[in-house]
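Here is the input, now give the coordinates:
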Amino acid sequence: MQYAEALDYLYSRLPVFHRIGPKALKPGLDNTLALCAAMGNPQQQFRSIHVAGTNGKGSTSHMLAAVYQSAGYRVGLYTSPHLKSFTERIRLNGQPIGEEAVAYFVTTYQTLIESIEPSFFEVTVAMAFDYFARQQVDLAIIETGLGGRLDSTNVIIPEASLITNIAYDHTDILGDTLPQIAAEKAGIIKAGVPVVVGESNPDTSLVFSKTAEALQAPLYFADLRYTVQDKGIHAGKREVLVKQPEETEEQVYQLDLAGLYQLKNLPAVLAIINVLEAVWPVSAEARRNGLATVSRLTGLKGRFQTLQTSPIVIADTAHNEAGLAALVETVETIPYRTLRIILGLVADKDRSRILNTLPQYAVYYFCQAQTPRSLSADMLQREAAFSNLIGAAFPDVNAALTAALAEASPDDLILVTGSNYTIAELTNL
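As a prediction, this is how the structure comes out:
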């Protein structure tokens, strides 16, 4: 089986979340455990950090991978979804898994896959674990797909767990209150394994504290251990000043992931590194170098990524209320004449929350991604009008971008956002 055949097999045979949404989910860990057991339990053959959270878990995972790569470790990275190529989901020191390795895996385990009938995500998790075990990584950064407790990745026993934050997203699956969502994310906490929570919150902190206490897992709230001050963007990187309450010395970092919301992710990254310092030492220089070159070291795209200047065009995969609110906050730190927003959403989100988060003063270009989950541009245009967001509808993101560029002056800012799938279809990403 060649790579194209293997990919077609995975997409055509297995339920895929990004195409059909929640119907693709197979709750529980049984399928993943069965797959892994038949493969010799690869998840037990490498050490890992497990990352969950509503927003920021992708950026945080890539930041951790970049820092540990800079420190000289052999680092595996599993994230989802991908933007351009399926191989982006599984990386070794920033390099995507080879197409031949994907084809080999599917060919080798085709009979097993057909006997267990797992979801697309369950197979990709097993593939990542098998690959990391074969490649003998020093450390793997494993990002959950959705939730935590029942997520397919939750078959690992990591060296540390990290939960970035809790906000409203996938409420039809995870619950419609913050404590309910937090309980699902807290499902990645393991007995005796240290856990870092990026953001403390009166609605969720007690959930984490009780879970950690019951499992005797050391718990750290990163935002209570680190103070981060924004010093603005210099030479394309965001400069931040970091201080710990018990330390007199301040640290300065340059972040190539320049979104203002990364200031919330950074404390969690630093906290995990410090918690694991005795196991995986990281020098101050490796921390600085890794955080300054995340995109180059790991291949991350779509996180406040500048595609061009004059006018400025920025792409960001923010796709829920909290993520878009943080994105708008970052946009307001950049001077512009007119803000033009290209927006595409999936249909199974709480769209009223999202639309009420976006600025009414922007000019809008509504579009849709070429996936069955996508909300039609015409319907998005009509719904947005109820939130006083006014603009034209376009069949796809590239047509919308062409129109925005034609109407923009050199000092305008064009923001492309709303969905991973919308960003993925940009031809110049």
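
Run through the stretch 101-250 of the chain and note the low-pLDDT ranges.
169-173 (pLDDT under 70).

Hmm, Tyr336 and Asp411 touching each other?
Yes: with contact defined as C-beta atoms under 8 Å, Asp411 reaches Tyr336; the gap is 6.4 Å. No exception for glycine: its C-beta is placed from N, CA and C like everyone else's.

Those two: which has the busier surroundings?
Each of Asp411 and Tyr336 has its neighbours counted (other C-beta atoms under 10 Å); Tyr336 has more, 17 against 12.

What pLDDT does the model give the residue nearest to the more buried one when sequence neighbours are not counted?
Counting by C-beta to C-beta, 6 or more residues apart in numbering, Leu413 is the residue found nearest to Tyr336 once chain neighbours are left out, at 3.7 Å. Looking at Leu413, its pLDDT stands at 98.

these two touch, right, Leu413 and Val331?
Yes: contact criterion C-beta under 8 Å: Leu413 and Val331 qualify, at 6.7 Å.

Quick check: neighbours shared by these two?
Overlap of the contact sets of Leu413 and Val331 (by C-beta atoms under 8 Å, 6 or more residues apart in numbering) consists of Ile314, Leu339.

Below-threshold pLDDT in the stretch 251-400 of the chain: ranges please.
In the stretch 251-400 of the chain, no residues with pLDDT under 70.

try 90
Residues of the stretch 251-400 of the chain meeting the criterion pLDDT under 90: 261, 319-323, 333, 347-353, 371-373.

any idea how far Gln216 lies from Arg225?
As judged by C-beta to C-beta, to the nearest Å, Gln216 and Arg225 stand 20 Å apart.

out of these two, which sits in the busier spot?
For Gln216 and Arg225, the more surrounded residue by other C-beta under 10 Å is Arg225, and the numbers stand at 17 against 9.

Report the separation between that one and Val275.
Distance of Arg225 to Val275, computed by C-beta to C-beta: 10 Å.

One more: Tyr3?
The gap separating Tyr3 from Val275 is 39 Å, by C-beta to C-beta.

if we can go back for a sec, Leu413 and Val331: who's more crowded?
Neighbours were counted for Leu413 and for Val331 using other C-beta under 10 Å; Val331 has more, 22 against 19.

give the contact list for Pro267.
Gly198, Ala222, Asp223, Arg225, Tyr226, Val228, Val242.

you'd agree the fifth one is up against Ile272?
Translated: Tyr226. No: taking contacts as C-beta under 8 Å, Tyr226 lies outside contact range of Ile272: 11.6 Å.

Quick check on these two: which one has the bigger neighbour count.
Set Tyr226 next to Ile272 and count neighbours by other C-beta under 10 Å: Ile272 wins out with 28 against 21.

Is that one within a helix or a strand, and which one?
Following DSSP states H and E, one finds Ile272 within helix 262-275.

Centre of the chain to that helix, how far?
Distance of helix 262-275 from the chain centroid (C-alpha atoms, centre = their mean, to the nearest Å) equals 15 Å.

same deal with stretch 51-63?
5 Å.

From the contacts of Pro267, list the buried ones, please.
Neighbour counting over those (16 or more other C-beta atoms under 10 Å) leaves Gly198, Ala222, Asp223, Arg225, Tyr226, Val228, Val242 as the buried ones.

picking that back up, out of the contacts of Pro267, which are inside strands?
Members of these lying in strands (criterion: DSSP state E): Val228, Val242.

all helices of the stretch 251-400 of the chain, in order?
Ranges of helices within the stretch 251-400 of the chain are 262-275, 284-292, 294-298, 321-331, 351-357, 377-385, 397-407, based on DSSP state H, counting those that start in this stretch.

now do the stretch 51-200 of the chain
Remark: helices assigned in the stretch 51-200 of the chain by DSSP H, counting those that start in this stretch are 57-70, 99-116, 120-135, 171-174, 178-185.

tell me what the first one is packed against?
Under the contact criterion of 3 or more C-beta pairs under 8 Å, 6 or more residues apart in numbering; DSSP states H and E, helix 57-70 touches strand 48-52, strand 75-78, strand 139-143, strand 160-163, helix 262-275, helix 284-292, helix 294-298.

State the distance from the one residue sitting closest to the centre of the chain to Ser80.
In the chain, the C-alpha nearest the mean C-alpha coordinate belongs to Gly58, at 2.4 Å (C-alpha atoms, centre = their mean). Distance of Gly58 to Ser80, computed by C-beta to C-beta: 8 Å.

anything in contact with each of the two?
Between them, Gly58 and Ser80 share the contacting residues Glu143, judged by C-beta under 8 Å, 6+ apart.

ok, and the closest non-adjacent residue to Ser209?
Spatial nearest neighbour of Ser209, excluding adjacent residues (C-beta to C-beta, 6+ apart): Leu219 at 6.4 Å.

check contacts around that neighbour.
Neighbour list for Leu219: Pro194, Val195, Val197, Phe208, Ser209, Ala212, Glu213 [criterion: C-beta under 8 Å, 6+ apart].

can you pick the most crowded of the residues you listed?
Per-residue neighbour counts (other C-beta under 10 Å) across these peak at Val197, which has 31 neighbours.

Dig out what that one forms beta bridges with.
Assessed by DSSP bridges, Val197 has beta-bridge partners Ile163, Phe221.

excluding its backbone neighbours, what's nearest Asn201?
Leaving out its chain neighbours, the residue that sits closest to Asn201 by C-beta to C-beta, 6+ apart is Ile166, at 6.4 Å.

Give me the neighbour count for that neighbour.
30.

same thing with His82?
Neighbours of His82 (other C-beta under 10 Å): 17.

which ones are touching it?
Glu88, Arg89, Ala424.

can you rerun that using 6 Å?
Residues in contact with His82 (C-beta atoms under 6 Å, 6 or more residues apart in numbering) are Glu88, Arg89.

Many thanks, have a good one.
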